[in-house]
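Chemist: My questions are about this predicted structure, shown below with the sequence.
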Amino acid sequence: MSKLVFLDTNVLGMVTNPKNSNPICQECKEWLDELPLKGYQIILPEIADYEVRRELLRAGKTSGIKRLDQLKKAITYLPITTSVMLLAANFWAEVRKAGKPTADPKSLDGDVILAAQAKIEELKGHQVIIATTNVKHLSLFVDAREWQSIN
């Protein structure tokens, strides 16, 4: 059974931030570098890549895009599939019916897409953790932890 760590948008943004002057970003980069040494496989979900990339493109941050592309080549990139989107739609409907929405009703809601990607890998028998700064929403569906607590 593989131990998979999925990066959410906020964590991915920190590790692709080219400014080494931000201590939290530097700490996050060092944490990410150590994960494989601890037996974790790092997963870059397509939805997180999309959310970070679109902002980097909008802001014209070419060095951030370059870092994102380098990371994408260095770790496992997990594309969105039809199965992911079907499960995400179920997650979205379930939390709305339960009165626990994870985003505005008109938003795409990347959290449920990310959670669906992680859940499908979990159903395949992998141990899955989403590294995040938003445990509340993601933990409704899968194991989600503050990135600093994953070691």
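Modeler: Received, thanks.
Chemist: which residues in this protein form strands?
Modeler: 3-7, 40-45, 76-78, 127-132, 144-146 (DSSP state E).
Chemist: right, so of these, which gets closest to I24?
Modeler: strand 144-146 (11.9 Å; Cβ to Cβ). The way it works is simple: take the backbone N, C-alpha and C, and place the C-beta from them, glycine included.
Chemist: Can you list the strands that that closest one pairs with?
Modeler: In the sheet, strand 144-146 lines up against strand 127-132 (parallel) (DSSP bridges).
Chemist: what angle sits between the partner strand and strand 40-45?
Modeler: Here the directions of strand 127-132 and strand 40-45 differ by 60 degrees (axes from the mean of the first three to the mean of the last three Cα atoms, to 10 degrees).
Chemist: returning to that earlier point: quick one, which of the strands of the chain gets closest to N17.
Modeler: So among the strands of the chain, strand 3-7 is nearest, using Cβ to Cβ, at 13.1 Å.
Chemist: on that earlier part again, any idea which of the strands of the chain gets closest to G13?
Modeler: strand 3-7 (9.4 Å).
Chemist: Can you give me the buried ones in that closest one?
Modeler: Under the neighbour-count criterion of 16 or more other Cβ atoms under 10 Å, strand 3-7 has 4-7 buried.
Chemist: Identify all contacting residues around the worst-scoring helix or strand of the chain on mean pLDDT.
Modeler: Sorted by mean pLDDT, DSSP states H and E, the helices and strands of the chain end with helix 135-138, the least confident at a mean of 90. For helix 135-138, contacts defined as Cβ atoms under 8 Å, 6 or more residues apart in numbering pick out 8, 102-103, 111, 114-115, 130, 132, 144-146.
Chemist: Next: stretch 88-95.
Modeler: Contacts of stretch 88-95 (Cβ under 8 Å, 6+ apart): 101-102, 109, 112-113, 115-116, 119, 140-141.
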